[in-house]
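Engineer: got a predicted structure plus its sequence, pasted below:
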Amino acid sequence: MARVGLFGKILKTGRVAEPAVPADETVPKAAGLGGSVQVRHVDAGSCNGCEIEIGQAFSPVYDAERHGVRLVASPRHADVLTVTGPVTVNMAGPLRKTFDAMPEPRLVVAVGDCARNCGVFAGGHGVHGSVAEVVPVDVHIPGCPPEPAQIVATLRGLSGR
Amino acid sequence: MTDPTATALVTALVSAASGATAGLSLPASWRARVVGTLLFLSGVAGLLAGLAALSGHDWQTDLPDLLPLAGIKLAVDGLSGWFLLLIGAVTATVGVYTIGYAGRDGHGPGSRTAMFTLPLFTASMLLVPAAASVPTFLLCWELMAVTSLLLVMTEHRRHEQVRPASVWYAAMTQAGFVTVLIGLVWLASIAGLDFTAIRTTTPGVSPAVKGGVFLLCLFGFASKAGAVPLHPWLPRAHAEAPSHVSALMSAAMVKLGVYGLLRVGFDLLGGGTGWWWLTVAALGALSALYGIVQAVVATDLKRLLAFSTSENIGLVLLGVGFAGMFASSGQPAVAALALAAALLHTINHAGFKTLLFLGAGSVVNATGTRDLDQLGGLSKRMAATTALFAAGALAAAALPPGNGFVSEWLLLQSLLHPGGHTGTVLALGAPVAVAIIALTAGVGVATYVKAVGTGFLARPRSSAAAGAHESPLSMIAAMAMAALACAALAIVPALSVPAITQVAASLRLQAPPMGTNLVSLHLTGITATFWPLWLTVGLVVAVGALAVAGRTVGKARRRAIAWDCGDGPLTARMEYTATSYAEPLQRIFDDTLAPERDLDVTHEEESAYHIDAIRYRQRIPDRIENRLYRPLIVAIARLGEAARRLAPGVMHRYLAYMLTALIVVLVAGVIR
């Protein structure tokens, strides 16, 4: 009885998601990825504000996966590396290794203001520098933190879907 | 003595005898080299004797003065020739290996005793298939058992486990000998001592007597062959013996159990009835399954190889059993095919198991350990040994282009095409046997992937493995000889067809329905053809093309580090071990294996929520041994304790025993 009720509700409700965010046309569509973008995320020393927003971007509400973007668990599987935060001294090495471990073609997306210029942490103890000082950055998403819609728009731009 | 078989066999025996003399008399610095060379010569001569016999030069001789009362009778026919060939080839390989393996220090395998016994052992193995009377056969059989026991005990000063292994081996091999003795003497009391006399008399002997003789002999021969449940000596003796002795025992000696079964069952008793061979096939099926399941979970490299011997002997016994069943149900063609598969598998197994045990010896010599969980990283340190062991593993895994595949393919063909009215037993048994062979082959692949993968590849798991060094040239050369033999058997197995026809003829069976074409193994009557040469060439070309394409086609290669999660360097502790690799299979066979697990969790004193240490131990016991043999051993020990009362140390009692015995003997004599 309860099961029928559940299926009935699913049928009645249909899909619930925000209307798709328009793609960011300024971002170049990643050549060679064929509309499928596998993302590896590295927190290089972030306050975790950006992580919460990235989490929302892949949540059912924004649902970045419908645009061909997936989060993966290893740089070996990834096409795109998203990096947040100012790069701390301890994370500089692992970040470089992660980038090295990715197969080509590969792209780096710096997420948030800290990733661009270290934000309020600039010059702080233990801060190595911005992401661009460690790995070559291709796209930057501004904001402190950037909104999920903005993250999805950029990733859609990459996947072209 | 112009007969080629006789010349070669006598040369082999004379070389072995001079080898034994050299082993006894020469100083340690020269001993291994001279004995090894003479052993090689003896082996080559034995091989030639086998080839001569297989090309139709039967030979027999009678030496009545050599042994009081019975004399020595020798005869070589096709069946003897096949096993002479096998033993000769293994002996020659081991001879070369001994030069480097025994070394010059004169201890362990290079000691005077070991070097004296080794040629005697190989000579007695060559004599067993040549024996042509019951006393000669039993004498050679016992000589082989005693000399091999001495060789198993070679390193009893160095390793504690050698002594219990020797006791197990001695008890099992003597129990087997006693049953063979009773069986053959029973037969001889009816039909005479001479094999030719037995052959002519047996058709008239009652089936009950023949069945009894067969069962007694089957017990002895199956225990020598290491068939489950008569196997407990095998993993012990093969593991603890020096590796060249393990190779001789596993590749050559256990095959003589198969020889004995063929000689007594098919030749002397004339084939017999279906249930004999059903018993043999059942033993074979049990050995194949239990052997491979124990092998896949073994972490001791030589124990793994020993259980794999049980498995392969099981496959051979399946072939022999089905050959007997087909023959007694009136299908001589399929029977000959099954027999051909069994014979081919004996020689294939001899080839790859020699190679694998010699490889294991090379590893043990270099690292001092047989534990796969402690090995690894040998591919860089011992490149030649690794390559040769991997070749042996490919053959043993019964995958094309290995030689093990050829004989298993033949065996499956004989089981899949029985044809005609076969009766319920065969109609049910053949598909079951096919399933068992398939399961065995699958688990066999996992076993050998484990042996090579965890034993040789990746990084060393212990300092012993890290400090490994390549073995001397003679050891590598011996392994290369075995590998070449395997390759020849894999690529041109059809060369063996005339020889198998000769063996079948000596067993009074029909020639196997196989075409003698060099590049293909063509079965006549059954639509099945197999091109081992093209298969090998095709595989080599495909692998080569893929390797070249991977380097040339597409974008240039970029070298990246092994992914370590961005953290520090990977350590050997992160690797798969032999135990962890076999864990899923062990889970599947959990009810069969019943592993003993032990989990100790130590808590902090302050709180039970905080764990100080966890210790996990696992042992996989041999269940058949625990269930079947432990109670027997306990009972025998109790009987021994009870029997002590018969000998209390009182002289009067002993005198009374003697008087009673005398009276009994006299009375028995008078009554008769």
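Structural biologist: Cool, got the structure. Numbers count the residues shown, from 1 in each chain, chains lettered A, B, ... in the order given.

Engineer: C-terminal to the strand ranked longest in chain A, what's the next element?
Structural biologist: For chain A, the longest strand by residue count, based on DSSP state E, is strand A:37-43. Of the helices and strands lying after strand A:37-43 in sequence (DSSP states H and E), the nearest is helix A:49-57.

Engineer: and stretch B:53-71, how far from the chain's centre?
Structural biologist: Here the centre of stretch B:53-71 is set off from its chain's centre by 27 Å, with Cα atoms, centre = their mean, to the nearest Å.

Engineer: go on, stretch A:150-160?
Structural biologist: For stretch A:150-160, the distance to the chain centre is 9 Å (Cα atoms, centre = their mean).

Engineer: what's in contact with that stretch?
Structural biologist: Residues from elsewhere that reach stretch A:150-160 (Cβ atoms under 8 Å, 6 or more residues apart in numbering or on different chains): A:21-30, A:33, A:35-37, A:39, A:53-54, A:57, A:62, A:64, A:67-69, A:80, A:107, A:109, A:111, A:139, A:141, A:143. Backbone N, C-alpha and C define where each C-beta goes, glycine included.

Engineer: check stretch B:39-46 too.
Structural biologist: So stretch B:39-46 is in contact with B:8-9, B:11-13, B:15-16, B:19, B:84-85, B:87-96, B:98, B:118-119, B:122-123, B:126, going by Cβ under 8 Å, 6+ apart.

Engineer: likewise for stretch B:282-293?
Structural biologist: Contact with stretch B:282-293 is made by B:218, B:222, B:226-229, B:231, B:307-321, B:432-433, B:436-437, B:439-440, B:443-444, B:447, B:589, B:592-593, B:624, as judged by Cβ under 8 Å, 6+ apart.

Engineer: let's test this: mean pLDDT of it, rounded?
Structural biologist: The predicted model assigns stretch B:282-293 a mean pLDDT of 94.

Engineer: so what's B:Gly377 closest to, chain neighbours aside?
Structural biologist: Excluding its sequence neighbours, the residue lying closest to B:Gly377 (Cβ to Cβ, 6 or more residues apart in numbering or on different chains) is B:Pro460, at 3.3 Å.

Engineer: correct me, but that neighbour touches B:Lys380?
Structural biologist: No - with contact defined as Cβ atoms under 8 Å, B:Pro460 does not reach B:Lys380; the gap is 9.1 Å.

Engineer: okay, the two: which has more neighbours?
Structural biologist: B:Pro460 (20 against 12; other Cβ atoms under 10 Å in any protein chain shown).

Engineer: now do the contacts for that one.
Structural biologist: By Cβ under 8 Å, 6+ apart, the neighbours of B:Pro460 are B:Leu375, B:Gly376, B:Gly377, B:Leu378, B:Arg381, B:Ala466, B:Ala468, B:Ala572.

Engineer: tell me, how many residues neighbour B:Ala545?
Structural biologist: B:Ala545: 10 surrounding residues under other Cβ under 10 Å.

Engineer: kindly report the same for A:Leu11.
Structural biologist: Close neighbours of A:Leu11, defined as other Cβ under 10 Å, add up to 8.

Engineer: so for it, what's the pLDDT?
Structural biologist: pLDDT, read off for A:Leu11, is 89.

Engineer: ok, which stretches of the chain are strands?
Structural biologist: Going with chain A. With DSSP E, the ranges of strands along chain A come out as A:37-43, A:69-71, A:80-84, A:87-88, A:107-111, A:127-129, A:139-141.

Engineer: not quite, I wanted chain B
Structural biologist: Listed in chain order, the strands of chain B (DSSP E) span B:59-63, B:72-76, B:514-516, B:521-523, B:528-530, B:596-603, B:611-619.

Engineer: enumerate every residue touching residue 97.
Structural biologist: You didn't say which chain, so I picked chain A. Applying Cβ under 8 Å, 6+ apart to A:Lys97 gives the contacts B:Ile561, B:Asp564, B:Gly566.

Engineer: my question was about chain B, not that one.
Structural biologist: B:Gly36, B:His244, B:Ala247, B:Leu358, B:Gly361, B:Ser474, B:Met475, B:Ala478, B:Met479.

Engineer: what's the spacing between it and chain A?
Structural biologist: 44 Å (Cβ to the nearest Cβ, to the nearest Å).

Engineer: skipping its backbone neighbours, what lies nearest that residue in space?
Structural biologist: In space, B:Tyr97 is closest to B:Ala478, 3.5 Å off (Cβ to Cβ, 6+ apart).

Engineer: surely the one you found meets B:Val90?
Structural biologist: No - look at B:Ala478 against B:Val90 with Cβ under 8 Å: they stay out of range, at 10.5 Å.

Engineer: on that earlier part again, okay if I get the contacts of B:Tyr97 as CSV plus pLDDT and neighbour count?
Structural biologist: Listed next are the contacts of B:Tyr97 as CSV, based on pLDDT from 0 to 100; neighbours: other Cβ atoms under 10 Å in any protein chain shown:
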residue, pLDDT, neighbour count
B:Gly36, 93, 27
B:His244, 93, 30
B:Ala247, 94, 31
B:Leu358, 95, 32
B:Gly361, 93, 29
B:Ser474, 92, 20
B:Met475, 93, 26
B:Ala478, 95, 31
B:Met479, 95, 29
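
Engineer: for the contacts of stretch B:282-293, which ChimeraX command selects only the ones that are buried?
Structural biologist: Here is the ChimeraX command that selects the buried residues among the contacts of stretch B:282-293 (16 or more other Cβ atoms under 10 Å in any protein chain shown):
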select /B:218,222,226,227,228,229,231,307,308,309,310,311,312,313,314,315,316,317,318,319,320,321,433,436,437,440,443,444,447,589,593,624
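
Engineer: where do the helices of chain A begin and end?
Structural biologist: Ranges of helices within chain A are A:2-13, A:49-57, A:89-101, A:113-117, A:148-159, based on DSSP state H.

Engineer: what's the most buried one of these?
Structural biologist: Most buried of the helices of chain A by mean neighbour count (mean count of other Cβ atoms under 10 Å in any protein chain shown) is helix A:148-159; its value is a mean of 23.

Engineer: roughly how far is that one from the heart of the chain?
Structural biologist: Distance of helix A:148-159 from its chain centroid, counting by Cα atoms, centre = their mean, is 8 Å.

Engineer: what parts of chain B come near chain A?
Structural biologist: Chain B comes close to chain A at residues B:Lys555, B:Arg558, B:Ala560, B:Ile561, B:Trp563, B:Asp564, B:Cys565, B:Gly566, B:Asp567, as judged by Cβ under 8 Å from any Cβ of the partner chain.

Engineer: quick one, what contacts the residue lying closest to the fifth one once chain neighbours are set aside?
Structural biologist: Put plainly, it is B:Trp563. Nearest residue to B:Trp563, sequence neighbours excluded (Cβ to Cβ, 6+ apart): A:Ala101, at 4.9 Å. Going by Cβ under 8 Å, 6+ apart, A:Ala101 touches A:Pro75, A:Arg76, B:Ala560, B:Ile561, B:Trp563.

Engineer: ranking by neighbours, what's the top pick from those residues?
Structural biologist: Most neighbours among those, by other Cβ under 10 Å: A:Pro75, with 22 neighbours.

Engineer: so what's that residue closest to, chain neighbours aside?
Structural biologist: That would be A:Ala101: by Cβ to Cβ, 6+ apart, it lies 4.2 Å from A:Pro75.
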